[in-house]
Structures are given as structure tokens and as C-alpha cells.
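Student: Mind looking at a prediction? Sequence and model below.
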Amino acid sequence: GAGVSQSPSNKVTEKGKDVELRCDPISGHTALYWYRQSLGQGLEFLIYFQGNSAPDKSGLPSDRFSAERTGGSVSTLTIQRTQQEDSAVYLCASTLQRGLTDTQYFGPGTRLTVL
Amino acid sequence: DAKTTQPPSMDCAEGRAANLPCNHSTISGNEYVYWYRQIHSQGPQYIIHGLKNNETNEMASLIITEDRKSSTLILPHATLRDTAVYYCIVSGNQFYFGTGTSLTVIP
């Protein structure tokens, strides 16, 4: 079956513009995570969705960042008024269900470059 | 959530066993130890996980100490394709990925 997919794979934008990053999780997976990874750094948790529950937004770095998950499947991460420090790889992961034994399956990421 | 400590980098000769340590001294009784790896420019890939017993699969073995405060990931016969960053994570409400161990397999 298909894994987690993300689009676009690369995005170059100008400072101040808004961007939308898309994640298609594995079908049937109820939990979805967004992370970002700056060059040479580990993964930084941003947000997660679990079923119909309110998302945990505790990792979002500023109010310029927001995410939605429509119909419990596809998720969009939106960054408004992008800054150069937003440049990073944005990774999405999904799990069958959020629990202590859940394995996360990651997408290939979207590389965002803010000029 | 329990955090983990890993050495920043390690080298291993091709064909030899790679032993990657991880400390997780604040782990809770119901938290699992997960290992992922990230090959350059790719998303992280699941390797193995365990609670308190040692585990083995086709990729690796996981040895967890009796007090569960540390663990070791073993790649029994490292190949050049095993060169990657290896993350040790303790599950809980969220997954916290640190900077991992950068393993370089040397020919």
C-alpha cells in the first residue's frame, strides 16, 4: 500500500509570502504529526491530530503557523508571512492510532526555502 | 515525557557490529523505547521498539537494561547503506526526537 506522501517536495518562496504544505497519511491511520527539521538538527515537533479530538498545537513556534486536517485524512500546514528562519524540511508522520505502541510512518518531507 | 541521550557520532567498520547506546534514565514504566533512522534527505524510518524484553527483527536487535534506563541498538553486520542518523525515542504522549547519533560505516 501507499505510504505517507507529502507535497510539494520542494518549495521556494519569498519572505513574507504564505505557503501551504500538504500531507496525505496512510489510509486508515487516525493520528497525524507534523515536525520540522532545520539543517543539521533533530526533528522538532509541531502539531498532532488524533481522530476528531482537538489538535495538540503545543509545538507550533508562532501564530504564523497553523494546520488543519480535513475529514480525518489529508492535512495542510500553513505558514503565513514566511521568514527566513522558517526554512527547513517539514515532515509529516501518521500512526494507526495514537498510543504508546504506535509506530510512526514518515513521509519524504517538504523542503521549504524562504529567500 | 522521558528524554534520551545519545552520542553525537560513531564510526563502524563495514561488516562489523554497530552498537549504538542510548540513555533514558527518566523512562516511565509504560513507555516504550523506539529506534528510528534517517538516511540523508529522507524521512525517518522505523527500526525497532521494545518495552523491557530484548527484541530482534530483520534489521536490528534492541537490548534494554533490566532497570530500563538505557538501551543499545545493534546492527549485527553494518553495511555502507547503514550510514545514517539514528534516533532513540521514548514514547509517551508525543515523540521527542533529539539530534540522534550520526553513524558512519567505513569501508
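Tutor: Yes, it's here.

Student: got the phi/psi numbers for A:Glu68?
Tutor: The phi and psi values for A:Glu68, taken as degrees, to the nearest 10, are phi -130, psi 160.

Student: Against chain B, how distant is it?
Tutor: Relative to chain B, A:Glu68 is positioned 19 Å away (CB to the nearest CB, to the nearest Å). The C-beta positions use only the backbone N, C-alpha and C, and glycine is treated the same way.

Student: Check which helix or strand the residue most central in space within chain A maps to.
Tutor: For chain A, A:Trp34 is the residue whose C-alpha lies nearest the centre (CA atoms, centre = their mean; 3.1 Å). Element membership for A:Trp34, per DSSP states H and E: strand A:31-37.

Student: do that strand and chain B meet?
Tutor: Yes: for strand A:31-37 and chain B, the contact criterion (CB under 8 Å from any CB of the partner chain) is met by A:33, A:35.

Student: what's next to stretch B:50-57, contact-wise?
Tutor: Stretch B:50-57 has contacts (CB atoms under 8 Å, 6 or more residues apart in numbering or on different chains) with B:32-33, B:47-49, B:61-64, B:66, B:68, B:71.

Student: Quick check on these: which are buried?
Tutor: Burial by neighbour count, 16 or more other CB atoms under 10 Å in any protein chain shown: within those this picks out B:32-33, B:47-49, B:61-64, B:68, B:71.
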